[in-house]
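Fold the following and give me the result.
(chains A and B)
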Amino acid sequence: MRLTDDETRMRDGVEGDAVAAAMDLLIRYGDALGAERLVDTRNVAGTMTQPSPAKAKLFEEGGWARAYAVINLDCDREIEVPRMKVPTCQLQHGFADDANGLTLYPESSIRLQDDAESFFSERGVNILATCTPYQVGNLPVRGEHCAWMESSAVVYCNSVLGARTNCEGAASTGAAALTGKIPLWGNHLAENRHATHLIRADVDVDSFQEWGMFGYFVGEQVLEACPAVTGLLAQPDLADLKHFGAATATSGGVELFHMPGVTPEAPTVEAAFGTRRVPEPVVYGRREREAVYEALNGQGSSRDVDFVLLGCPHASLDQVAELAARLEGRRLSSSTELWVMMPRALASMALRNGYTRTITAAGGRVLTDSCPAMSKAAPPGTRVFATDSAKQAHYLPAILGIEAWFGTLAECVDAAVTGRWSGGLA
Amino acid sequence: MIELRGRGIVPGVAEAPALVTHEPISGFGGIDVATGTIIEPRHELFGVCFTGRVLVFPGAKGSSGWSGFFQSTRLMGTAPAAMVFDVLTTKAVLGAIVTRVPTVVQAVPSALDVVRTGDVVRVDGTSGLIQVRCDDARTLRSSGDDDGSFTQWKTSSDRR
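Coordinates of the predicted model:
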């Protein structure tokens, strides 16, 4: 890989040990990818504060500097962690104080994370603590080179915003934050951003649930490739696009999609494909839609729902407003818990607007910073959960060993109120 | 013995029995780092442990947590001995680097077409050479089954 003079200086330690280790990792990584050079970035979204057993052990051995060195720089040397060189935010992490006592989540993890937040915010990391940094102020502009992790954020960043990022990890984002560099490879290059597959919806995709199912289908069809989607698509809103992208990145590994007429790099179907010929479409019809629904609902047998989970990816203010409206004057079943996950910055607005009061009056919880998949925590004794998120319906049975129901917000609220799942495909 | 040539992306040499899957692997939600086991219910290797084995797979899928989860297997002592995969993505490449096990990518012919679970495989992540130890009968059968491009790479003596 060709290095510029400033990159060579960083590698050689002119800016200190941590920066040298960061550059060493980026060179190993870039060479392994086959990248020709690095590119400048000033937008990094990574994870440093999330507690894990491995991190707790490293923290015991040598504090946060040791944990950062090993996990975020792949470096065994003892280093000091300087201030991040470019704007960097923390994605979603573990639960914080607002979850204290509500879950089986260990108090020690909450304390550990508090400590990490102090350490890293003193070094310039913005603790956004959400999988949706674009909902709370980190909104990259079209064409901007980013170094983001979190698959649902990556696909939103590339597709909806037209910024450019690969699906980075803890180590590459850790190194990017200290250097302002990331390998120029993959999605950073215009020629790699054209669509490879065309998927046409012949059934109406016109609600949050339909966007999630369609995304789950698209991801399974294209795996790591780049789909353009057309057909009977209603005008999506932020929540629909967030859900659709997260689903494509769950059943497949989609990092970039095009929606002609909606997303910025695809004014037309032809434009989405660039120099490629537009292929014959793969059709998403009634049968395919039913198969997706069955796959997402094939992980449940008992209809007694203990737990309802909303807000994956983290809920928008509008989604929480809708939840509050549906819960107004109702009361959760004594055997069911309901959590809605959202960014803490938006939770302050939900509180201000009275949505939180309505939700808690009904017996639900507004929680921030994390989710059951990230923190491996659900209410004690949960055996069966219901969600409106295709992503959580996919992951939680594996992560927590529980049964899943996938449906609409209305069906999830009904399950929370009655303790029974009565959803079905309309 | 069959030899495959790929690109070494993490240096070092390891030799161990292979664990082969034709399905991509998810890190986050796909493996348990404490036991080095595949935990995705619908995966063909559900419940199988990869610790100390040469993991041969098409590539990574799912969350960007991939690299961190495989890195954790190194920290927890449950990592594979080596990795061999075909589809180059940032997730799998970074994951291999931070797992720090010898890794070869994009071998010709694909390791997925040649290696079977249980074969003893030597992975040289420095030179990119993969050696599959198997009996002569297997070598002959393989050469009969495949086209010329495979035969060219079939054994060390055939390799130019």
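
Let's verify residue A:177: helix, strand, or coil?
Classification of residue A:177 using DSSP: H, G, I helix; E, B strand; the rest coil returns helix.

Could I get the full set of strands for chain B?
Using DSSP state E, the strands of chain B run over residues B:2-10, B:13-20, B:25-26, B:31-32, B:37-38, B:54-57, B:60-61, B:82-85, B:103-108, B:120-124, B:129-133.

Please produce CSV containing those, extended by mean pLDDT and mean neighbour count.
C-beta: built from backbone N, CA, C; applies to glycine. Below are the strands of chain B laid out as CSV (pLDDT from 0 to 100; neighbours: other Cβ atoms under 10 Å in any protein chain shown):
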stretch, mean pLDDT, mean neighbour count
strand B:2-10, 97, 21
strand B:13-20, 98, 19
strand B:25-26, 92, 26
strand B:31-32, 94, 22
strand B:37-38, 96, 20
strand B:54-57, 98, 28
strand B:60-61, 89, 28
strand B:82-85, 98, 28
strand B:103-108, 97, 23
strand B:120-124, 98, 23
strand B:129-133, 96, 20
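
check contacts around residue B:107.
B:4-6, B:84, B:86, B:128, B:130 (Cβ atoms under 8 Å, 6 or more residues apart in numbering or on different chains).

Closest to residue A:27 out of the residues you listed?
residue B:128 (18.6 Å; Cβ to Cβ).

correct me, but residue A:214 touches residue A:204?
No: at 9.9 Å, residue A:214 and residue A:204 do not qualify as touching, with contact defined as Cβ atoms under 8 Å.

Looking at the two now, which is surrounded by more residues?
With neighbours defined as other Cβ atoms under 10 Å in any protein chain shown, residue A:214 and residue A:204 compare such that residue A:214 has more, 29 against 13.

Give me the neighbour count for the nearest residue to that one once chain neighbours are set aside.
Once flanking residues are discounted, residue A:214 sits nearest to residue A:205: 4.7 Å by Cβ to Cβ, 6 or more residues apart in numbering or on different chains. Counted by other Cβ under 10 Å, the residues lying close to residue A:205 total 24.

Tell me if stretch A:400-412 is near chain B.
No: applying Cβ under 8 Å from any Cβ of the partner chain, one finds stretch A:400-412 separated from chain B by no less than 9.0 Å.

Distance from that stretch to the middle of the chain?
Centroid separation for stretch A:400-412 versus its chain: 19 Å, with Cα atoms, centre = their mean, to the nearest Å.

Please identify the buried residues of it?
A:400, A:402-409, A:411-412 (16 or more other Cβ atoms under 10 Å in any protein chain shown).

same check, this time on stretch A:189-204
So stretch A:189-204, judged by 16+ other Cβ under 10 Å, has buried residues A:193-201, A:203.

Quick one: those residues as CSV, columns for distance to chain B too.
Below are the buried residues of stretch A:189-204 laid out as CSV (distance: Cβ to the nearest Cβ, whole Å):
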residue, distance to chain B
A:193, 15
A:194, 18
A:195, 18
A:196, 13
A:197, 16
A:198, 21
A:199, 18
A:200, 24
A:201, 23
A:203, 24
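
In terms of distance to residue B:124, which of those ranks first?
Residue B:124 has its nearest neighbour among the buried residues of stretch A:189-204 in residue A:196, at 33.1 Å by Cβ to Cβ.

still on that earlier bit, would you turn the buried residues of stretch A:189-204 into CSV with secondary structure and pLDDT?
CSV is the format used below for the buried residues of stretch A:189-204 (DSSP: H, G, I helix; E, B strand; the rest coil; pLDDT from 0 to 100):
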residue, secondary structure, pLDDT
A:193, coil, 98
A:194, coil, 98
A:195, coil, 98
A:196, coil, 98
A:197, strand, 98
A:198, strand, 98
A:199, strand, 98
A:200, strand, 98
A:201, strand, 98
A:203, strand, 98
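
Can you name the two of those residues that sit furthest apart?
Of all pairs in the buried residues of stretch A:189-204, the most separated under Cβ to Cβ is A:193 and A:203 at 28.1 Å.

Hmm, residue A:206 is touching residue A:234, no?
Yes: between residue A:206 and residue A:234 there is a contact at 3.8 Å, judged by Cβ under 8 Å.

which stretches of the stretch 151-300 of chain A form strands?
Ranges of strands within the stretch 151-300 of chain A are A:181-183, A:197-205, A:227-233, A:282-284, based on DSSP state E, counting those that start in this stretch.

Report pLDDT for residue B:149.
The score at residue B:149 is 37. That number is its pLDDT.

Residue B:142 too?
So residue B:142 comes in at 50 (pLDDT).

can you check residue A:53 too?
86.

where's it relative to residue B:75, distance?
9 Å (Cβ to Cβ, to the nearest Å).

Right, and chain B sits closest to which residue of the stretch 101-250 of chain A?
Nearest to chain B in the stretch 101-250 of chain A, going by Cβ to the nearest Cβ, is residue A:169, at a distance of 3.4 Å.

Report how many residues lie close to that residue.
33.

I'd say it and residue B:67 touch.
Yes: using Cβ under 8 Å, residue A:169 is in contact with residue B:67, at 3.4 Å.

what's the overlap in contacts for these two?
Shared contacts of residue A:169 and residue B:67 (Cβ under 8 Å, 6+ apart): B:91, B:94-95, B:98.

Close to chain A: what parts of chain B are there?
So far as Cβ under 8 Å from any Cβ goes, chain B lies against chain A at B:7, B:9-10, B:24, B:28-30, B:33-34, B:39-41, B:59-68, B:71-72, B:75-76, B:87-91, B:93-98, B:100.

Could you tell me which of these belong to helices?
B:66-68, B:71-72, B:75-76, B:90-91, B:93-98 (DSSP state H).

Right, I'll leave it there.
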